[in-house]
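Colleague: my questions concern the predicted model and sequence given below.
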Amino acid sequence: MDTIYKIKMGKAKCAVDLGDGSERGEYVDQDYILRKLGRPHRSISLMYCYYPFDEQWPARISEAMKDAEISFQWDYPYDDYFTYKGGLGGTLDDEPFTCMRDVRRHGQDVTLTLTIDPAVSDEHLAAIGDDLKTFGRVLLRINHEATGNWFSFNKRASYQEVADFYCRASRIIKEHAPNVQTILCIGGVEDPESGEIEKEKEFSQAVCETDIWSVDEYMSLHWGWPYDVAEPGGKTHKRGSVRDTYDHTKLSYERFKYINGGEAKPMVMSEFNSDGDVTGAYEQAEMVKQFCDILKEDKATWFTGFTFYQFRDRGRLGLEIEDPNNPNVGIEQPVMQTYKRIIHDEWFMPSMTAGEEIKLPVTLRWGNSEDADGIAIPLHFDKNPHFCELVFDDDSNFMIELNGMWFYKSPQAKTIDLMSAFFEKPLEGPADMTLKIFAPPATGENDLSVPDGAFNYYYTLEKLPEIRIRTAPVEPSID
């Protein structure tokens, strides 16, 4: 490993993000997800709520009212998400910050979905901004699905008030945390005849002021879960077509662009899936595949990315279903392998651009999951290895890629076994490969004492790890 090169990680043609925890499932740690899927995501979506004036706050509302008679998921006084423990008078030692640090250590950004009481003061919003300013690029989705009628913030304020609150919250939070980018998630174009987005008059200013446009799209959905079962003729579920979902999203993007004076902004789906409660497990996987095939075939460069909702679910909206006997166990669904193939397709992978040869020591920069400077080390394999591992003698925090598979090296880890990179993709003969190393922040937070610390984290690499490659067993067979 005498030769090393610079390498830059950039944007995918279509980014893939992943929901991890919500009203329907618990947070799953990033080590487990990485091992199941073999690569990090651009961003991990975390869902929380902030209703600090309510009597039950800060308890999770379904736990505080576990004996109440509830017939619909959103019939509680406030939204049944995990509660945001930061804010005015809050703490950074609890959720979501413990999860955010886990996400960022593993080379991913955070998408924070936060439903907020529109009655909170400017001081509350400023405190949220102060909470987020050390976490690099944060994609903040405020009061999502805001043209609906199910979330508590829509029951406490008019649509115009919700739209105005979005603009106020975005402005104040970003004043305190310039690293934050806001996502406006509304219904999009519901009536193709009119061509207007839902509640267009109320939300036009928000469309112009936000950083990112979003619609949530479920090609099928059982919104009556978990209070009834989807059966033929039922009134609490739906199923649409894959093509209509794509066309509706593109139409909504074009209308957002029109409202914004013809200027484009990033367009995402902040929640995307097909509900296995409606389609069953096999057609769920097929519909997800068909949608991603359309993105590729259409070369949909107007579409920035989607968030698969979600990794593990108590219903049938997950890559895994939560084991009813043990919430720490997931039952893999057919969509898991489908999704894994999708995210390892070139269209959905971050770009990698090789640079010039460099010498140690070298400073690695982590901007975000679409803007990072790492190193590339050429390796030669005479044939498929029996042993391949890296040995470190420091407390570095790295994301490492070899043969299409990513590995995490925590500050505590000393040896990283890379052999699983060859289990599914064994070498057929001699091969030249590249080992890639990036250094996201070891604590999950940036150092704001650095001049550009709100946006970049830096790590100086003094020496390379030792690499052990063996192409035969330690002892030969005696048979």
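Modeller: It's in. Residues are numbered from 1 along each chain as shown.

Colleague: so A12 touches S43, yeah?
Modeller: No - applying C-beta atoms under 8 Å as the test, A12 and S43 come out as separate, 11.7 Å apart. (Glycine included, C-beta is placed from N, CA and C.)

Colleague: quick one: buried residues of stretch 361-381?
Modeller: For stretch 361-381, the neighbour count (16 or more other C-beta atoms under 10 Å) marks 364-377, 379, 381 as buried.

Colleague: what's the answer for stretch 154-172, then?
Modeller: For stretch 154-172, a neighbour-count test (16+ other C-beta under 10 Å) marks 154, 157, 159, 162-170, 172 as buried.

Colleague: can you give me the helices in the stretch 251-400 of the chain?
Modeller: Under the criterion DSSP state H, counting those that start in this stretch, the stretch 251-400 of the chain contains helices at 276-297, 334-343.

Colleague: mind listing residues that contact stretch 216-229?
Modeller: With C-beta atoms under 8 Å, 6 or more residues apart in numbering as the contact definition, stretch 216-229 has outside contacts at 24, 70-73, 144-145, 185, 230, 234-242, 245, 248-249, 269-275, 277-279, 284, 287, 291, 314-316.

Colleague: let's see it at 6 Å
Modeller: Under the contact criterion C-beta atoms under 6 Å, 6 or more residues apart in numbering, stretch 216-229 has outside partners 71, 145, 230, 236-240, 242, 245, 269-275, 277-279, 287, 315.

Colleague: in strands, which of those fall?
Modeller: Assigned to strands by DSSP state E, the following of the contacts of stretch 216-229 qualify: 237-239, 269-274.

Colleague: give me the buried subset of those residues.
Modeller: Among the ones in strands among the contacts of stretch 216-229, the ones that count as buried by 16+ other C-beta under 10 Å are 237, 239, 269-274.

Colleague: hmm, back to that, for the ones in strands among the contacts of stretch 216-229, give me a markdown table that also has distance to V474.
Modeller: Formatted as a markdown table, the ones in strands among the contacts of stretch 216-229 follow (distance: C-beta to C-beta, whole Å):
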| residue | distance to V474 |
| --- | --- |
| H237 | 57 |
| K238 | 58 |
| R239 | 56 |
| M269 | 49 |
| S270 | 50 |
| E271 | 49 |
| F272 | 47 |
| N273 | 46 |
| S274 | 48 |
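
Colleague: what would those look like in a markdown table with distance to K199 and pLDDT?
Modeller: Output for these, formatted as a markdown table (distance: C-beta to C-beta, whole Å; pLDDT from 0 to 100):
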| residue | distance to K199 | pLDDT |
| --- | --- | --- |
| H237 | 24 | 97 |
| K238 | 21 | 97 |
| R239 | 25 | 97 |
| M269 | 19 | 98 |
| S270 | 17 | 98 |
| E271 | 19 | 98 |
| F272 | 22 | 98 |
| N273 | 24 | 98 |
| S274 | 26 | 98 |
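
Colleague: which one of those residues sits closest to H124?
Modeller: For the ones in strands among the contacts of stretch 216-229, the closest approach to H124 (C-beta to C-beta) belongs to S270, at 23.1 Å.

Colleague: and the closest residue in space to that closest one that isn't next to it in sequence, bridged to which residues?
Modeller: Residue nearest to S270 in three dimensions, not counting chain neighbours: S214, with 4.4 Å by C-beta to C-beta, 6 or more residues apart in numbering. Beta-bridge partners of S214, counted by DSSP bridges, are C185, V268.

Colleague: report the beta-bridge partners for the closest residue to A15 other than its chain neighbours.
Modeller: Counting by C-beta to C-beta, 6+ apart, G305 is the residue found nearest to A15 once chain neighbours are left out, at 3.1 Å. G305 forms beta bridges with A15, V268, as assigned by DSSP bridges.

Colleague: so what's G305 scoring on pLDDT?
Modeller: Per-residue pLDDT puts G305 at 98.

Colleague: and it, how many neighbours?
Modeller: 25 (other C-beta atoms under 10 Å).

Colleague: may I have the phi/psi pair for the closest residue to K238 other than its chain neighbours?
Modeller: Excluding the flanking residues, the one nearest K238 by C-beta to C-beta, 6+ apart is L221, at 5.8 Å. Note on L221: its backbone torsions stand at phi -160, psi 140 [degrees, to the nearest 10].

Colleague: can you tell me how far L221 sits from W213?
Modeller: As defined by C-beta to C-beta, to the nearest Å, L221 lies at a distance of 21 Å from W213.

Colleague: neighbour count winner among the two?
Modeller: Neighbour count, other C-beta under 10 Å: between L221 and W213, W213 has more, with 27 against 22.

Colleague: and the more buried one, what does it touch?
Modeller: W213 makes contacts with 256, 265, 267, as judged by C-beta under 6 Å, 6+ apart.

Colleague: P192 and N260: what is the separation?
Modeller: Distance, P192 to N260, by C-beta to C-beta: 20 Å.

Colleague: what about the two, which has more around it?
Modeller: N260 (16 against 10).

Colleague: for that one, what are its contacts?
Modeller: Contacts of N260 (C-beta under 6 Å, 6+ apart): C208.

Colleague: what's the pLDDT at it?
Modeller: The model's pLDDT for N260 equals 98.

Colleague: tell me the spacing between it and F306.
Modeller: Computed as C-beta to C-beta, the N260 to F306 distance reads 21 Å.

Colleague: for the residue nearest to I33 when sequence neighbours are not counted, grab the count of nearby residues.
Modeller: Nearest non-adjacent residue to I33, counting by C-beta to C-beta, 6+ apart: F311, 5.9 Å away. A count of neighbours around F311, defined by other C-beta under 10 Å, yields 25.

Colleague: could you report the separation of F311 from T91?
Modeller: Counting by C-beta to C-beta, the gap from F311 to T91 is 26 Å.

Colleague: brilliant, that's me finished.
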